[in-house]
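Undergrad: fold the following and give me the result.
(2 chains)
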Amino acid sequence: DVKVTQSSRYLVKRTGEKVFLECVQDMDHENMFWYRQDPGLGLRLIYFSYDVKMKEKGDIPEGYSVSREKKERFSLILESASTNQTSMYLCASSLPVSYGYTFGSGTRLTVV
Amino acid sequence: EDQVTQSPEALRLQEGESSSLNCSYTVSGLRGLFWYRQDPGKGPEFLFTLYSAGEEKEKERLKATLTKKESFLHITAPKPEDSATYLCAAYMNDYKLSFGAGTTVTVRA
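TA: Take a look at the predicted model:
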């Protein structure tokens, strides 16, 4: 089975800190995604990548950046964390999207 | 604007009480409709993919159906272990899925 591993389950960071969320997948998937999930709003796409060193903005990229230096690793960066970035962050990967995503377990980030 | 809407937001069922969840979509060029299950504090797990109107898929007590405007997830004789949030997502003509907000199902013994 494909495994998508997010480095932290829970994180607490201070306002203004630079935050790195790491995601690694082990099945050679081309596509990787970062979503955030908030009650009542569902999953909203932040960034995605369809190849190494390629990245595309999703629906809510403001305040975030990403890095994909290797095929298996996709990092989400909060340049200067703010309290409105407190959320559940979900990483996913896929072969062609028509096959669906495999999600990681999520990182619950709290910014204080 | 492409949109995926799920209803109801929450559903409380007695064990054995069958019901249906709705996922309606207003997207152009739908290429697939996905259902996921999400347990509290965890990432979503894949359930089904439907590609064309009239298609049905089944897994244990769950059955998903698709029409040209909506999809239903039927839960037959649910058990407490079916309690979860169920998400639907539409795949259109680009690289991503667009998700609904989910339906939280609680099944009481």
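Undergrad: list the contacts for the residue nearest to B:Thr5 when sequence neighbours are not counted?
TA: Leaving aside its sequence neighbours, B:Thr5 sits nearest to B:Ser24 (C-beta to C-beta, 6 or more residues apart in numbering or on different chains; 5.1 Å). Every C-beta, even on glycine, is put in place using the N, C-alpha and C of the backbone. Counting by C-beta atoms under 8 Å, 6 or more residues apart in numbering or on different chains, B:Ser24 makes contact with B:4-7, B:69-70.
Undergrad: ok, what's across the strand from residue 90?
TA: As the question left the chain open, I've gone with chain A. A:Tyr35 (DSSP bridges).
Undergrad: if you could check chain B rather than the one you did, that'd help
TA: B:Leu33, B:Ser98.
Undergrad: give me the low-pLDDT residue ranges for chain B?
TA: Low-confidence segments of chain B (pLDDT under 70): B:1, B:93-94.
Undergrad: ranges for the strands of it?
TA: Taking DSSP state E, the strands of chain B run over residues B:3-7, B:10-14, B:19-26, B:32-38, B:45-50, B:56-59, B:62-66, B:70-75, B:84-91, B:97-99, B:103-108.
Undergrad: what do you get for chain A?
TA: Counting by DSSP E, chain A has strands at residues A:4-6, A:10-13, A:19-21, A:23-25, A:31-38, A:42-49, A:56-57, A:64-70, A:73-78, A:87-94, A:102-103, A:107-111.
Undergrad: what residues does chain B have near chain A?
TA: Residues of chain B lying close to chain A (C-beta under 8 Å from any C-beta of the partner chain) are B:9, B:31-32, B:34, B:36, B:41-46, B:49, B:87, B:89, B:91, B:95-102.
Undergrad: go with 6 Å
TA: Chain B has residues B:32, B:34, B:42-44, B:46, B:49, B:91, B:95-96, B:99-101 near chain A, with proximity defined as C-beta under 6 Å from any C-beta of the partner chain.
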